[in-house]
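**Q** here is the input, now give the coordinates:
(one chain, ligands or ions: 2)
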Amino acid sequence: MPFVVAVDGPAGSGKSSVSKEVARRLDFGFLDTGAAYRALAWHAEASGIDTDDAASVVSCLDSFDYRIGTDPTGYSVQVGAVDVTEAIRDPQISAVVSAVARVPEVRRHLIELFRSIMAAVDASGIIVEGRDITTVVAPDAPVRILLTASEAVRMGRRSAELTGSSVEAVGEQLRKRDAADSKVVDFMTAADGVTTVDSTELDFDQTVEAVIGVIREAAPFLAPEHVARGAQISEETP
Ligand SMILES: Nc1ncnc2c1ncn2[C@@H]1O[C@H](COP(=O)(O)OP(=O)(O)O)[C@@H](O)[C@H]1O
Ligand SMILES: Nc1ccn([C@@H]2O[C@H](COP(=O)(O)OP(=O)(O)O)[C@@H](O)[C@H]2O)c(=O)n1
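**A** Residues are numbered from 1 along each chain as shown. Ligands and ions are numbered 1, 2, ... in the order given. So this is what the prediction gives:
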């Protein structure tokens, strides 16, 4: 099993972008678990299934042929032969994904899948991000982080990405999704032994450095000083 860094947090806190950059600097693998819930929501919609009906959602798990890469420098998400990397970010998917993710059988199925992807990764470590990684998927991970930011800051960041949608509309959807997701797992408070990194006042680079700092405390050999300062791992780097 590689060295596991578990990262949880609410929507727009920076889990995906920050974890990806940390993985890139440390030469770790990266697993975005939300992508699987999104891809299943996409698959259900593509199959004409009512995502509010738990039994129907469970019925499409059998035909859910899901693949995701773990290379942080460029990974794609596939369902069957279709590349859904972009499609799963659509606000229409964000609107229905919580309904899919609250189904216990869906969670059991995907958690098993995440654990097998983690075990198979060909790198010294892997950063796994989502909502229940620190508490359910990898509660024994040597590094567990809760990445947070104020709601206003998270909304601002997410709406900056989604051109064409108003800040209000994005904010409303994000609030609704966090509220629905919070009923299933608690990702707003850090569980015992989980380190909180609050990025409200930090820029992107500072947040990356803060996360690397937490990893360095647990495993100095995996996160040497020069990586935290933003130097790329390259042939020149000793
Ligand atoms: N500390 C930060 N300061 C400014 N922007 C950030 C910071 N962290 C993340 N971002 C940006 O905020 C947006 C949302 O981040 P993302 O990684 O998608 O969040 P999450 O995966 O938690 O939903 C992205 O555009 C990302 O580049
Ligand atoms: N470990 C996880 C990850 C995501 N999810 C679900 O998947 C959805 C999408 O996750 P995401 O990480 O892509 O969401 P963002 O925070 O990036 O917008 C969440 O809203 C949750 O409903 C989950 O239930 N458990």
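**Q** going by C-alpha atoms from here, please, whenever you check contacts or count neighbours.
**A** OK.
**Q** chain center to the lowest-mean-pLDDT helix or strand in the chain, what's the gap?
**A** Ranked by mean pLDDT, DSSP states H and E, the helix or strand of the chain with the weakest confidence is helix 225-228, at a mean of 68. Centroid separation for helix 225-228 versus its chain: 23 Å, with Cα atoms, centre = their mean, to the nearest Å.
**Q** which other residues reach that helix?
**A** For helix 225-228, the external contacting residues (Cα atoms under 8 Å, 6 or more residues apart in numbering) are 25, 26, 208, 209, 212, 213, 233.
**Q** for stretch 84-98, same thing?
**A** Counting by Cα under 8 Å, 6+ apart, 35, 37-39, 41-42, 51, 76-78, 173, 177, 180-181 sit against stretch 84-98.
**Q** next one: stretch 132-139
**A** Under the criterion Cα under 8 Å, 6+ apart, residues 4, 6-8, 111, 114-115, 140-141, 144-146, 185-187, 191, 194 lie in contact with stretch 132-139.
**Q** and it, does that touch ligand 2?
**A** Yes. Among the residues of stretch 132-139, 132, 133 lie within reach of ligand 2 under Cα under 6 Å from any ligand atom.
**Q** may I see the buried residues of that stretch?
**A** 132, 133, 134, 135, 137, 138, 139 (16 or more other Cα atoms under 10 Å).
**Q** can I get the CA coordinates of that stretch in CSV?
**A** Below are the C-alpha coordinates for stretch 132-139, written out as CSV (Å, rounded to 0.1, in the frame of the first residue of the first chain):
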residue,chain,number,x,y,z
ASP,A,132,-15.4,10.7,3.9
ILE,A,133,-11.8,9.8,3.2
THR,A,134,-10.4,10.7,6.6
THR,A,135,-13.3,8.9,8.4
VAL,A,136,-14.4,6.0,6.3
VAL,A,137,-12.4,5.3,3.2
ALA,A,138,-8.9,5.6,4.8
PRO,A,139,-9.3,6.3,8.5
